[in-house]
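A.B. asks: sharing a model that was predicted from the sequence below.
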Amino acid sequence: MYVWLLLAAIVIAPRAGAGDIPIGHLKPLGHHRPADKEIDAYDEVISPQEFWDKYASQRKPVVFRGAGRHSAAQSLWTDEYLTQQYGRLEVKLEGKREKMGKMPVGEVGVGRDTIENFLKTYTDEDKYIVSQLPEPMYTDVSVVPCLLCGTFKKRLLEVNLWVSSGGSRSLLHRDADNAINCLLRGRKDWIMVDPEYDDYVSMAEEDEGALGGFSLVNVDKVNLIKHPRFRNVHWTYSNLTAGDCIFIPYGHFHQVRSYDRNIAVSVLFARLTEFSAKPDCPANGSSPRWESLSNQHVAWSYPGHGEMSMGNSDPEHIRESFLAHFEDPENKGYITKDKFLGEICVAKELPKRPPGQSYGPDFEKCWTLVDPDGDGKVTEEDLLKLPHSVLQQLTIFIDQDPANMPDYEYYSISHGNVKEFVERLLNKRAKVDEKHFIKSYAHMLAGSEVFGKKLFDNLDTKKRGYLTSADKPGRDSTAYDEYYRGYGREDRANKQFDQVMREDFDPAEIAEMEEDLDVSEKADVADDSDDTEGNDDDDNEFMDAGEKPDRSEL
């Protein structure tokens, strides 16, 4: 049942083999050495104080067997129930193999689907819900009692949903916040690596000081020659079945594989340096009663439509980072406007401005939020009094993720690629009808038919239902303006990962994976029998010529 993991666990010892090939080289993660141990597990959820003392404060994982069975979701969340109760709510999508292949397309657009459409298609398509949990679904979820009082209860950050038909697998990665992940359906195997081995794990390039991120180690074929220090990495493991919950400490590397129809809910909470049981933990040291998630205050929530806040930083970190300035003995007892906005610029990876130079209206709004009396300075007392809502606004300004937007497609496809696609398509054909344009957009740009229709409508200014070369936008046209948002975006970490994966896989394996992901869409375009005038063979040749833009380069 867990063959790949058990084989790794019974390896006698890592040693050189024939030709000095390291044990576990080009094998799945975990084959390079035996596991140190199975992760600690309890049949009951321990008290908040014990959880803090033994695990959260030590950044040590732990499993609570059967804890997820207290959530009504475990029995209620069949595909039929989810469709009927929550079908029109929107969720974010990823591919089953993290960062491999293109971003899935849903009913709403690239990377976003309705629950109803996802459940109609998820057994046949490479898609996986990795999303903030919509608030209406909170009523079906119970929170483990060790988080329901004291400091833990005050610092719940967000709640995420994971749904797949099985066969998903993550990269080896670490998260910036603590989480308790409860498996409601299916099975999952977890491999965990303690932060003490950070120096031995090759990481993709991230922002300086980032606590999250992912490793460049290929979890399916660990290259111990390219990553020789990884041989020193120790690991622990746990095999979860439906109803089990696991605590994942922040900064703790983990890699997960799922089997069968899978549903999980993860409650994230802050990186804490201390815990107080006051004022609401039971005096006798026991655990609070189980409670519904709907009764809890969560820093970042999502109503089920519109912009998400998944992955946003803990709002309190804004306060903490500026309060740290007052620990400097040279601090004058306040922070000036230039100092404050300069730090915001650094956080947004923008250059600081010369003293006195305007930062623009958005930055000015940030300053107004923290200096409502207009005296031109912020004191330690001012920072301590900032309401949670202000901290949230500052966090969103600094840390907004385009993938949380309902129109993420405009961010993920560049203006240049859209322009080139339109020009080449209209140069190839005398006339392009709406249906063929939309299918070509979805195929060539890895976009959605929904956004392809929007683009066609922008170009078809005469509302004829087709386009010709005369409809190509001129220099002053606004037809592509929405796509400027994505122009020039560069994800260094994803580019780096893509290059490493291509080095680890044989060309034939890459071709096979890409063909598996792409074959259905190629068939859709090639089988379009309703084309109007033009040379179908030439057009299919254009679309099959390997010229489809690589999303990692957008």
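C.D. replies: The structure has been received and is ready for your questions.
A.B. asks: pretty sure V450 is in contact with G106, am I right?
C.D. replies: No - in this structure, V450 is not within contact of G106 by Cβ atoms under 8 Å, at 9.0 Å. Using the backbone N, CA and C atoms, a C-beta is placed for each residue, glycine as well.
A.B. asks: what about Y237, which SS state?
C.D. replies: Using DSSP: H, G, I helix; E, B strand; the rest coil, the secondary structure recorded for Y237 is strand.
A.B. asks: is it in contact with G30, as I believe?
C.D. replies: Yes - Y237 sits in contact with G30 when judged by Cβ under 8 Å, with a separation of 7.3 Å.
A.B. asks: ok, back up a step: okay, V450 and G106: which has more neighbours?
C.D. replies: G106 (24 against 17; other Cβ atoms under 10 Å).
A.B. asks: quick one: the more buried one from A324, how far?
C.D. replies: Taking Cβ to Cβ, to the nearest Å as the measure, G106 falls 42 Å from A324.
A.B. asks: swap in I21?
C.D. replies: When Cβ to Cβ is the yardstick, I21 and A324 sit 49 Å from each other.
A.B. asks: just E307 next, same as before
C.D. replies: Where A324 is concerned, E307 sits at a distance of 30 Å (Cβ to Cβ).
A.B. asks: same question for N117.
C.D. replies: Distance from N117 to A324, counting by Cβ to Cβ: 46 Å.
A.B. asks: tell me which of the two has more neighbours.
C.D. replies: Shown here are N117 and A324; by other Cβ under 10 Å, N117 has more neighbours (18 against 10).
A.B. asks: ok, the residue nearest to the more buried one when sequence neighbours are not counted - contacts?
C.D. replies: If you skip the residues right next to it in sequence, N117 has E107 as its closest partner in space, 3.9 Å away by Cβ to Cβ, 6 or more residues apart in numbering. If you count contacts by Cβ atoms under 8 Å, 6 or more residues apart in numbering, E107 has them with 113-114, 116-117, 450.
A.B. asks: what's the most distant pair in these?
C.D. replies: Put simply, by Cβ to Cβ the two of the contacts of E107 set farthest apart are E116 and V450, 15.1 Å from each other.
A.B. asks: next, the contact list for the residue nearest to V390 when sequence neighbours are not counted, please.
C.D. replies: Here the nearest residue to V390 in space, its sequence neighbours aside, is L369; by Cβ to Cβ, 6+ apart that works out to 4.9 Å. With contact taken as Cβ under 8 Å, 6+ apart, L369 is in contact with 390, 393-394.
A.B. asks: can you pull out the strands in the stretch 101-250 of the chain?
C.D. replies: Assigned strands in the stretch 101-250 of the chain, in chain order: 112-114, 128-132, 142-143, 156-164, 173-174, 178-193, 213-214, 236-241, 245-248 (criterion: DSSP state E, counting those that start in this stretch).
A.B. asks: least reliable of those going by mean pLDDT?
C.D. replies: The minimum mean pLDDT among the strands of the stretch 101-250 of the chain belongs to strand 213-214 (a mean of 90).
A.B. asks: could you spell out the sheet neighbours of it, each with its direction?
C.D. replies: In the sheet containing strand 213-214, the strands it pairs with under DSSP bridges are strand 173-174 (antiparallel).
A.B. asks: gap between the partner strand and the chain center?
C.D. replies: Centroid displacement of strand 173-174 relative to its chain, using Cα atoms, centre = their mean, to the nearest Å, is 11 Å.
A.B. asks: ditto for stretch 55-73
C.D. replies: Between the mean C-alpha point of stretch 55-73 and the mean C-alpha point of its chain there is a distance of 22 Å (Cα atoms, centre = their mean).
A.B. asks: how about stretch 168-178?
C.D. replies: Relative to the chain's own centre, stretch 168-178 is displaced by 9 Å; criterion: Cα atoms, centre = their mean.
A.B. asks: how far does it stretch from one end to the other?
C.D. replies: 22 Å (Cα to Cα, to the nearest Å).
A.B. asks: wait, doesn't G376 sit right on K339?
C.D. replies: No - the pair formed by G376 and K339 falls short of the contact definition of Cβ under 8 Å, at 11.1 Å.
A.B. asks: between those two, which one's more packed in?
C.D. replies: Set side by side, G376 and K339 give different neighbour counts by other Cβ under 10 Å, the larger being at K339 (16 against 11).
A.B. asks: contacting residues for the closest residue to the more buried one other than its chain neighbours?
C.D. replies: Nearest residue to K339, sequence neighbours excluded (Cβ to Cβ, 6+ apart): H325, at 7.7 Å. Residues in contact with H325, defined by Cβ under 8 Å, 6+ apart, are 331, 335, 339.
A.B. asks: report the secondary structure state of H325.
C.D. replies: Assigned state for H325: helix (three-state reduction, three-state DSSP).
A.B. asks: do you know the pLDDT at it?
C.D. replies: What the model reports as pLDDT for H325 is 86.
A.B. asks: where in the chain is pLDDT low?
C.D. replies: 1-19, 99-101, 206-210, 484-554 (pLDDT under 70).
A.B. asks: settle this for me: Y138 is touching S292, isn't it.
C.D. replies: Yes - under the criterion of Cβ under 8 Å, Y138 is in contact with S292, at a separation of 6.9 Å.
A.B. asks: quick one, which of the strands of the stretch 101-250 of the chain is nearest to E320?
C.D. replies: For those, the distance to E320 is smallest for strand 156-164, at 14.1 Å, taking Cβ to Cβ.
A.B. asks: let me see the contact set for the nearest residue to P288 once chain neighbours are set aside.
C.D. replies: Of all residues beyond its chain neighbours, the one nearest P288 is L148 (4.3 Å), with distances taken as Cβ to Cβ, 6+ apart. With contacts defined as Cβ under 8 Å, 6+ apart, the neighbours of L148 are 48, 287-291, 296.
A.B. asks: returning to that earlier point: could you check how far the residue nearest to K339 is from W367?
C.D. replies: 15 Å.
A.B. asks: and if you look at A347?
C.D. replies: In terms of Cβ to Cβ, A347 sits 14 Å off from W367.
A.B. asks: next: D314.
C.D. replies: Here D314 is placed at a distance of 22 Å from W367 (Cβ to Cβ).
A.B. asks: so between those two, which is more surrounded?
C.D. replies: The neighbour count for D314 versus W367, taken as other Cβ under 10 Å, is higher for D314 (22 against 18).
A.B. asks: what's the closest non-adjacent residue to the more buried one?
C.D. replies: A270 (4.9 Å).
A.B. asks: need the contact list for the one you found.
C.D. replies: Contact criterion Cβ under 8 Å, 6+ apart gives 155, 157, 177-178, 314, 316 as the residues in contact with A270.
A.B. asks: over to R271?
C.D. replies: Contact criterion Cβ under 8 Å, 6+ apart gives 176-178, 211, 250, 314 as the residues in contact with R271.
A.B. asks: going through the residues you listed, which ones are buried?
C.D. replies: 176-178, 250, 314 (16 or more other Cβ atoms under 10 Å).
A.B. asks: and the residues you listed, which is closest to Q84?
C.D. replies: Proximity of the buried ones among the contacts of R271 to Q84, judged by Cβ to Cβ, is greatest for D177, which lies at 32.7 Å.
A.B. asks: quick one: the closest one and F214, what's the gap?
C.D. replies: Between D177 and F214 the computed distance is 15 Å (Cβ to Cβ).
A.B. asks: got it, and M203?
C.D. replies: As judged by Cβ to Cβ, M203 and F214 stand 7 Å apart.
A.B. asks: quick one: which of those two has more around it?
C.D. replies: The residue with the greater number of neighbours, taking M203 and F214 and applying other Cβ under 10 Å, is F214; the counts read 22 against 18.
A.B. asks: hang on, the more buried one packs against S202?
C.D. replies: No - in this structure, F214 is not within contact of S202 by Cβ under 8 Å, at 10.3 Å.
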